[in-house]
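Engineer: Here's my sequence, what's the structure:
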Amino acid sequence: MVVFRIDRRSGVATYLQIVRQVEQALRMGALEEGDRLPTAAQVAAETKVNPNTTLKAYRELERAGLAEVRQGAGTFITRTLVPAQDGPTAPLRASLVEWLTEARAQGLSGQEVGALFRSACATVYPAETDL
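Structural biologist: So this is what the prediction gives:
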């Protein structure tokens with residue numbers, strides 16, 4: 001089950017924050033094909049957002065082919081974004097895990113690592129502002 005966290009100061013539309021959190025959960029393996037997403041009412045109660053905002057996010061996930069709305073049953077994940085462990089990105093992932101392990105050994109917090117990562121991404125991918 002995914003727990004949504006909404007940052008009202010981020011400048012990112014709330015529905016997009018929900019979409020991105022589902023996508024991230026799919027990449028990390030926290031959500032898998034067949035998993036049921038919380039109802040719009042559940043998300044609204046937990047995050048204090050309008051249920052229509054959640055429905056908009058779920059429609060966007062459906063358009064992307066990541067979720068399917070089943071009338072009377074809920075919204076379900078239809079595919080995963082987890083990269084294959086032996087796929088072309090496996091060496092990069094291994095290098096990243098090694099780097100993160102070293103960063104932790106040097107005393108960097110998760111927030112510091114995240115800030116460093118975002119800074120490096122902005123250098124390499126300057127046109128992609130949502131990294």
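Engineer: which non-adjacent residue is nearest E46?
Structural biologist: F4 (6.7 Å; CB to CB, 6 or more residues apart in numbering). For every residue, glycine as well, the C-beta is placed using N, CA and C.
Engineer: Can you give me the neighbour number for the one you found?
Structural biologist: 19 (other CB atoms under 10 Å).
Engineer: so is it in a helix, a strand, or just coil?
Structural biologist: Three-state call for F4 (DSSP: H, G, I helix; E, B strand; the rest coil): coil.
Engineer: residues touching it, list them.
Structural biologist: Applying CB atoms under 8 Å, 6 or more residues apart in numbering, one finds that F4 lies in contact with Q17, I18, Q21, P38, V43, E46, T47.
Engineer: where's E68 relative to T123, distance?
Structural biologist: Relative to T123, E68 is positioned 38 Å away (CB to CB, to the nearest Å).
Engineer: Next: G11.
Structural biologist: 21 Å.
Engineer: Likewise for L26?
Structural biologist: Distance, L26 to T123, by CB to CB: 27 Å.
Engineer: Between the two, point out the one with more neighbours.
Structural biologist: Neighbour count, other CB under 10 Å: between L26 and T123, L26 has more, with 22 against 8.
Engineer: Give me the nearest residue to that one, chain neighbours excluded.
Structural biologist: Nearest in space to L26, with sequence neighbours left out and distances taken as CB to CB, 6+ apart, is L81 at 4.0 Å.
Engineer: right, and that neighbour touches R27 too?
Structural biologist: Yes: using CB atoms under 8 Å, L81 is in contact with R27, at 4.6 Å.
Engineer: Show me the residue sitting in the middle of the protein in space.
Structural biologist: The structure's the chain has its C-alpha centroid closest to Q24; by CA atoms, centre = their mean the separation is 2.2 Å.
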